[in-house]
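In: Here is the input, now give the coordinates:
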Amino acid sequence: MVLQAKKEVYEQLTKEVKASPHLVFTEYQGLSVLEIEELRKSLRSMNSKYQVPKNKILSLVFKNNNLELLSQGLNGPIGLVLIKEEHPVQILKKLIQFAKDHNKFKLKSGYMFGKLLSLLEITKVANLPSKEHLIGKTVLTIKMPLIKLMNVLKANQTNLVCVLEQIKNKKEKA
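Out: Sure thing, here's the model as predicted:
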């Protein structure tokens, strides 16, 4: 029965790792159950998941999915963040903020964009602007020349109206 339960955990974890393009490894030792639940709840709302799998099972999952390099740093209690979003910036910001608020929670490394990332590289990715911000900036960059052109073309009409208004005022006074 124990073997069957481990098999089910292995299969479920394999499915979730395959469905998650980005992974983050954490140290959670010393956090209370309530703090871990708080983290899980906030990650769930962002289409991500926080798990604390057994290192042996996690190592087997990585080995059988051609991710052997990820099993090298699996020592001690490890928490695993499964990020299902294509753009992990907001989730990484949330994890970094959680680590600042809870001293015992630490980010160790991550697997993103097909490569293993250090804590420094994760921090750099988290500092990137969000996808929505970049789209807005791009739209504004494309739109700005049109706005300027429209203002230049409109200026002649506005000036003409002002000149005609002044002529009208002079004729009324005279």
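
In: show me where the chain has strands.
Out: Secondary structure of the chain, counting by DSSP state E: strands at 22-27, 48-51, 79-83, 106-112, 115-117.

In: helices or strands up against the shortest one?
Out: In this structure, strand 115-117 makes packing contacts with strand 106-112, judged by 3 or more CB pairs under 8 Å, 6 or more residues apart in numbering; DSSP states H and E. In short, each C-beta sits where N, CA and C put it, glycine included.

In: any idea how far the closest residue to residue 17 other than its chain neighbours lies from residue 78?
Out: Sequence neighbours aside, residue 61 is the residue nearest to residue 17 in space, at 5.6 Å (criterion: CB to CB, 6 or more residues apart in numbering). Taking CB to CB, to the nearest Å as the criterion, residue 61 is separated from residue 78 by 12 Å.

In: Run through this structure and note the low-pLDDT ranges.
Out: The model of the chain has pLDDT under 70 over residues 1, 73, 174.

In: Kindly report the domain assignment for it.
Out: The chain breaks down into these domains under automatic domain parsing: 2-128, 130-174.

In: How far does the longest one stretch from one end to the other?
Out: Spelled out, that is domain 2-128. End-to-end distance of domain 2-128: 44 Å, with CA to CA, to the nearest Å as the criterion.

In: of residue 61 and residue 78, who's got more company?
Out: Between residue 61 and residue 78, residue 61 has the larger neighbour count (other CB atoms under 10 Å), namely 24 against 19.
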